[in-house]
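Asks: make a model of this:
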Amino acid sequence: MSYIHGYDPDTLREQIDPRQCKERLEEIGEQRSLAALLERVWLLKVLDRLEDSLVVSEQSVRLARMAGTRKDLLRARILHASVLQQRRAFAAAEQELTTCAEEAEGQGWGAIAAFAYEHRGKVHYDAEDYESARTDFKRALFLRQDSGASDKQLESTLQAIDAADRRRARAVAS
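Replies: Got it, this is the predicted structure:
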């Protein structure tokens, strides 16, 4: 079940039903599996419980490092960086996402690289660097197309490119 009902066209944040997310968070409880931790991180993040999300994301990175695969670790690090982004720690988020994107591309893991580039694009977008955001969104789109992503994923990336273009045009006009 997807808890994402769309993306805000201006902020690029996930549009969710808070009640559904809170219920799912309660269902997961204190489960300690990597999958449960990653889901908790995301749920806490979209519910704007950023301190809790940061703590759980750090736990998920440690667990992935100890017991997960390299792909698991990349996913956990990307999610951790997305929490840093929402906390406005842009430099740290950008650095982490750059490392993750480069490693994923080096391994030929296009879908994970696209995930990292899209999140790095959102970091640039929030930091008002719309040209860099657009570049990252375009890279994510290319990787997603190349890896056979769903139309829904491609559409969300195209929306992010459009949003960066709109913001860039507004910034130039001012």
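
Asks: ok, Arg24 - contacts?
Replies: Under the criterion of C-beta atoms under 8 Å, 6 or more residues apart in numbering, the contact partners of Arg24 comprise 3, 39, 43. Where C-beta positions appear, they are placed from N, C-alpha and C, glycine not excepted.

Asks: spatially nearest residue to the last one (excluding sequence neighbours)?
Replies: Nearest in space to Leu43, with sequence neighbours left out and distances taken as C-beta to C-beta, 6 or more residues apart in numbering, is Leu25 at 4.7 Å.

Asks: direction included, what does the lowest-mean-pLDDT helix or strand in the chain pair against?
Replies: Averaged element by element with mean pLDDT, DSSP states H and E, the chain has its least confident helix or strand at strand 4-7 (a mean of 90). Each strand pairing with strand 4-7, determined using DSSP bridges, is listed with its direction: strand 14-16 (antiparallel).

Asks: now do the buried residues in the strand it pairs with.
Replies: Neighbour-count burial for strand 14-16, counted by 16 or more other C-beta atoms under 10 Å, picks out 14, 16.

Asks: tell me the average confidence for stretch 68-79?
Replies: In this model, stretch 68-79 has an average pLDDT of 97.

Asks: could I get the CA-only coordinates of it as PDB?
Replies: Output of stretch 68-79 as PDB, limited to C-alpha atoms (Å, rounded to 0.1, in the frame of the first residue of the first chain):
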ATOM      1  CA  GLY A  68      22.500  -5.600   5.400                       C
ATOM      2  CA  THR A  69      23.700  -5.600   1.900                       C
ATOM      3  CA  ARG A  70      25.400  -2.700   0.100                       C
ATOM      4  CA  LYS A  71      22.100  -1.800  -1.500                       C
ATOM      5  CA  ASP A  72      20.400  -1.800   1.900                       C
ATOM      6  CA  LEU A  73      23.100   0.500   3.200                       C
ATOM      7  CA  LEU A  74      22.700   2.900   0.300                       C
ATOM      8  CA  ARG A  75      18.900   3.000   0.800                       C
ATOM      9  CA  ALA A  76      19.300   3.700   4.500                       C
ATOM     10  CA  ARG A  77      21.900   6.500   3.900                       C
ATOM     11  CA  ILE A  78      19.700   8.100   1.200                       C
ATOM     12  CA  LEU A  79      16.700   8.100   3.600                       C
END
